[in-house]
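Asks: Everything below, folded, please.
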Amino acid sequence: MKGLWMLAAAAVVGLGTVAMNSGAKAEVICSGDTCWHSHGDYRYPPGVVVRHDDRWHWGHRDHYRWREHDGRGYWRGGEWVPF
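Replies: Numbers count the residues shown, from 1 in each chain. Sure thing, here's the model as predicted:
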């Protein structure tokens, strides 16, 4: 009986974790030749970035670079522009 309660409690915790994390949206964002991962649904200024889904990757002849950064903003001319 104790094992059944533990299993039920683990299921409730697991479902709560999935529900809390399901709202997160991961994307690859590029500005010029610089790309990074975004984990929020941010509104970037019009015409500044190109949004891709998280599975996107560039081709063999493309020339991009990764520059990760925490928080809201975008790369412009090698500088992080927060908003």
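
Asks: hey, let's count contacts and neighbours off CA atoms from now on
Replies: Will do.

Asks: R72 and C30, how far apart?
Replies: 14 Å (CA to CA, to the nearest Å).

Asks: who's more crowded, the two?
Replies: Each of R72 and C30 has its neighbours counted (other CA atoms under 10 Å); C30 has more, 21 against 16.

Asks: Now Y44: which helix or strand?
Replies: Here Y44, judged by DSSP states H and E, is contained in no helix and no strand.

Asks: check contacts around it.
Replies: Going by CA atoms under 8 Å, 6 or more residues apart in numbering, Y44 touches G73, Y74.

Asks: What of D53?
Replies: By CA under 8 Å, 6+ apart, the contact set of D53 is A26, E27, V28.

Asks: how about the helices of the protein, start to end?
Replies: With DSSP state H, the ranges of helices along the chain come out as 2-21.

Asks: Mind jotting down where the strands sit in it?
Replies: Counting by DSSP state E, the segments of the chain that form strands are 27-31, 34-38, 50-53, 65-66, 73-76, 79-82.

Asks: Same list (those) but as JSON lines, adding mean pLDDT and distance to Y44.
Replies: As requested, the strands of the chain are exported to JSON lines (pLDDT from 0 to 100; distance: least, CA to CA, whole Å):
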{"stretch": "strand 27-31", "mean pLDDT": "94", "distance to Y44": "10"}
{"stretch": "strand 34-38", "mean pLDDT": "93", "distance to Y44": "11"}
{"stretch": "strand 50-53", "mean pLDDT": "94", "distance to Y44": "10"}
{"stretch": "strand 65-66", "mean pLDDT": "94", "distance to Y44": "18"}
{"stretch": "strand 73-76", "mean pLDDT": "92", "distance to Y44": "8"}
{"stretch": "strand 79-82", "mean pLDDT": "93", "distance to Y44": "10"}
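
Asks: among those strands, which is nearest G59?
Replies: Judged by CA to CA, the one of these that comes nearest to G59 is strand 65-66, at 12.2 Å.
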